[in-house]
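Colleague: Next one to model:
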Amino acid sequence: MNSTVLSEPTAGSPLTRYLSLGVFAAVLLAAAIYVGSQLGHDLTIAPTSPTFEYVLLGIALLIALGFEFVNGFHDTANAVATVIYTRSLPATFAVVWSGGWNFVGVLISSGAVAYAVLQLLPIALVLNVGSSVGFAMVFALLLAAIIWNLGTWYLGLPSSSSHTLIGSIIGVGLMNQMLNAGNANAAVDWSQALSVGKSLLFSPLIGFGLAFALLMILKRFVKAPELYAEPHGDKPPPFWIRSLLILTCTGVSFAHGSNDGQKGMGLIMLILIGTVPSAYALNKAVTPGETQTFVSVAHHASETLAKYATGAPAVASPRNEIETYIQTKQATPATFAALVALTDRIGDQVAQRPSLADVPQGEVNNVRNNMYLSSEALRLMAKAKQPQFAAEDQAVLENYHGLLDKSTKFIPTWVKVAVAIALGLGTMVGWRRIVRTVGERIGKQHLTYAQGASAEVVAMLTIGAADRFGLPVSTTHVLSSGVAGAMVANGSGLQWATVRSMLLAWVLTLPMSIALAAGLFWMLLKIF
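Modeller: Sure thing, here's the model as predicted:
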């Protein structure tokens with residue numbers, strides 16, 4: 001069947017639409033009240049800041065949530081395309097259902113992806129996020145990502161929000177490097193950029209290949225003709241097929257929330273740390289008992305690191321030495337001497353207070369930056385396996401590293417709720433363009449039940465695995481390539497005009513977002 005004669009799915013009965021929208025509105029209202037009350041509470045207990053800083057905080061949060069809102073146009077809409085075009089769920093109900101599972105995925109996400117994305121930024125920008133340069137950075141990369149996402153959404157192209165955001169981060173880093181030539185700490189971490197780039201490059205290929213293979217396996221072993229049929233009008237599929245498709249849609253929505261939702265969280269945390277460090281630079285949820293454990297582990301880690309300093313003299317500026325290591329990845333005895341000094345300093349700073357919540361405002365940024373640098377150094381050593389720590393020493397340092405991350409790399413629940421709201425709203429507003437492309441314009445024939453299920457299962461597993469390993473991947477790329485793979489496996493053929501447009505968007509996203517972010521960063525530096 002040629003795609004030009006496909007009938008567009010209906011939104012469902014008026015009762016279903018109104019009930020779905022009513023539930024969504026109630027959840028949205030409750031979540032908004034919760035977010036507002038929690039943010040208000042945090043600002044109340046923080047020391048009074050100038051009104052300008054609160055205005056800046058509000059604008060920055062709106063832009064960050066705007067990015068997630070537009071993200072909902074693209075990536076979340078992909079999750080519902082198959083259930084809508086196989087008539088498994090009415091469109092309105094499907095969108096609300098997907099938004100609900102996005103919400104759950106966001107809430108229980110680990111935060112690993114959020115901070116993996118931030119590791120792309122030059123270390124100097126992360127440490128000085130509260131400065132004018134830091135604000136220019138955050139505004140530039142978010143605005144660039146929003147502009148490109150809106151443009152591709154308007155054209156109905158399933159472009160990747162993840163791809164766009166990472167390109168924007170690289171663009172800001174490149175411009176910062178150009179403006180600070182000779183300063184190694186102003187440079188992009190290209191090794192991390194390469195790692196992230198690989199996950200974005202290979203995930204669509206994995207989506208295509210696995211969906212192709214899965215459909216071929218189904219056709220070989222599952223002899224159920226109704227599974228390979230096209231929908232008949234608005235008639236839903238048989239119950240067991242419908243259940244399968246709803247299950248896979250649920251899985252993709254959940255996986256998308258747990259992975260893609262984190263990208264906005266990391267940026268929101270940068271904004272909060274920059275504007276209200278006394279409330280967000282350190283994790284106030286760490287209890288007094290855990291704080292004392294941290295002090296003990298820090299002293300043990302210091303003794304362990306001292307073994308590898310091999311008599312190196314005291315370092316004049318431990319932080320500068322660690323920053324140099326983070327850029328060069330070359331550990332020397334001086335690196336370990338600096339880590340010992342920094343670890344002792346952190347232990348002493350924390351030991352003077354009952355808990356992290358009691359660290360004075362004037363010391364918060366200092367303590368956080370010391371912890372952040374130490375954590376990054378230990379992460380890079382573990383990743384490179386250089387030096388080769390003894391097993392017992394590795395265990396001590398891993399324990400210390402985990403406690404450092406718990407103290408600095410955290411996401412408050414209200415931030416997760418705010419991101420989930422933005423994603424859900426974006427899906428409700430902009431789902432139709434992208435859903436139509438995935439459902440009608442990739443293959444030459446209508447999406448069958450087996451094709452939809454194959455693409456969704458592969459997307460769910462791929463995104464879930466990426467979240468487990470802290471890798472950012474694109475729901476858009478994985479699912480749309482999965483649909484293409486299923487179409488090819490079924491001999492349905494591809495609409496090459498759409499495929500070429502998607503490939504063009506994929507190729508252009510990185511350079512265009514890099515250029516946009518670099519230009520905006522340069523302009524905003526003149527303003528801030």
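Colleague: show me what contacts Val286?
Modeller: By Cβ atoms under 8 Å, 6 or more residues apart in numbering, the contact list for Val286 reads Phe294, Ser355, Leu356, Ala357, Lys406, Ser407. For every residue, glycine as well, the C-beta is placed using N, CA and C.
Colleague: Quick check: phi and psi on it?
Modeller: Backbone torsions of Val286, given as degrees, to the nearest 10, read phi -70, psi 120.
Colleague: can you check Pro472 too?
Modeller: Backbone torsions for Pro472, taken as degrees, to the nearest 10, come to phi -80, psi 130.
Colleague: likewise Val315?
Modeller: When read as degrees, to the nearest 10, the backbone of Val315 gives phi -90, psi 130.
Colleague: Any figure for the gap between it and Val367?
Modeller: In this structure, Val315 and Val367 are 19 Å apart, going by Cβ to Cβ, to the nearest Å.
Colleague: now Leu380
Modeller: 21 Å.
Colleague: Between those two, tell me which one has more neighbours.
Modeller: Taking other Cβ atoms under 10 Å, Leu380 and Val367 do not tie; Val367 has more neighbours (21 against 18).
Colleague: which ones are touching the more buried one?
Modeller: Going by Cβ under 8 Å, 6+ apart, Val367 touches Ala281, Leu282, Ile346, Gln349, Val350, Val359.
Colleague: JSON lines for these, including neighbour count and distance to Trp414?
Modeller: What follows is the contacts of Val367, written out as JSON lines (neighbours: other Cβ atoms under 10 Å; distance: Cβ to Cβ, whole Å):
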{"residue": "Ala281", "neighbour count": "28", "distance to Trp414": "17"}
{"residue": "Leu282", "neighbour count": "25", "distance to Trp414": "17"}
{"residue": "Ile346", "neighbour count": "25", "distance to Trp414": "27"}
{"residue": "Gln349", "neighbour count": "17", "distance to Trp414": "27"}
{"residue": "Val350", "neighbour count": "23", "distance to Trp414": "25"}
{"residue": "Val359", "neighbour count": "23", "distance to Trp414": "21"}
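Colleague: wouldn't Glu321 be in contact with Val340 here?
Modeller: No - contact criterion Cβ atoms under 8 Å: Glu321 and Val340 do not qualify, at 10.9 Å.
Colleague: tally of neighbours for Pro313?
Modeller: 9.
Colleague: let me redo that: Leu43
Modeller: 15.
Colleague: What is the neighbour count of the residue nearest to it when sequence neighbours are not counted?
Modeller: Distances taken as Cβ to Cβ, 6 or more residues apart in numbering put Val276 closest to Leu43, at 6.6 Å, once the chain neighbours are dropped. Val276: 20 surrounding residues under other Cβ under 10 Å.
Colleague: swap in Ser317?
Modeller: Counted with other Cβ under 10 Å, residues neighbouring Ser317 total 11.
Colleague: Next, give phi and psi for it.
Modeller: phi -130, psi 90.
Colleague: Check the gap between it and Leu205 for me.
Modeller: For Ser317 relative to Leu205 (Cβ to Cβ), the value is 45 Å.
Colleague: what helices or strands is the helix or strand encompassing Asp467 leaning on?
Modeller: Assigned by DSSP states H and E, Asp467 belongs to helix 449-468. Under the contact criterion of 3 or more Cβ pairs under 8 Å, 6 or more residues apart in numbering; DSSP states H and E, helix 449-468 touches helix 77-85, helix 112-118, helix 190-221, helix 239-259, helix 475-489.
Colleague: In TSV: those, plus mean neighbour count, mean pLDDT and distance to Gly266.
Modeller: Putting the helices and strands packed on helix 449-468 into TSV (neighbours: other Cβ atoms under 10 Å; pLDDT from 0 to 100; distance: least, Cβ to Cβ, whole Å) gives the following:
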stretch	mean neighbour count	mean pLDDT	distance to Gly266
helix 77-85	31	78	22
helix 112-118	23	77	3
helix 190-221	18	84	13
helix 239-259	23	85	12
helix 475-489	28	86	17
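Colleague: To Val417, which of the ones you listed lies closest?
Modeller: Nearest of the helices and strands packed on helix 449-468 to Val417, taken as Cβ to Cβ: helix 239-259 at 11.6 Å.
Colleague: For the helix or strand where Ala144 lies, what is the distance to the chain centroid?
Modeller: Assigning secondary structure by DSSP H and E places Ala144 in helix 132-154. How far helix 132-154 lies from its chain's middle: 15 Å, per Cα atoms, centre = their mean, to the nearest Å.
Colleague: can you pull the contacts of the nearest residue to Glu456 once chain neighbours are set aside?
Modeller: Excluding the flanking residues, the one nearest Glu456 by Cβ to Cβ, 6+ apart is Thr248, at 3.3 Å. Going by Cβ under 8 Å, 6+ apart, Thr248 touches Thr82, Gly452, Ala453, Glu456, Val457, Met460.
Colleague: out of those, which is most surrounded?
Modeller: Of the contacts of Thr248, with other Cβ under 10 Å as the count, Thr82 tops at 32 neighbours.
Colleague: from what I can see Arg353 touches Phe294, true?
Modeller: No - if you go by Cβ under 8 Å, Arg353 and Phe294 don't touch, sitting 11.0 Å apart.
Colleague: Could you check which of those two has the larger neighbour count?
Modeller: A count of neighbours by other Cβ under 10 Å puts Phe294 above the other of Arg353 and Phe294, at 24 against 16.
Colleague: What helix or strand is the more buried one located in?
Modeller: Using DSSP H and E, the element containing Phe294 is helix 288-306.
Colleague: Following element in sequence after that helix, please.
Modeller: Following helix 288-306 in sequence, per DSSP H and E, is helix 318-328.
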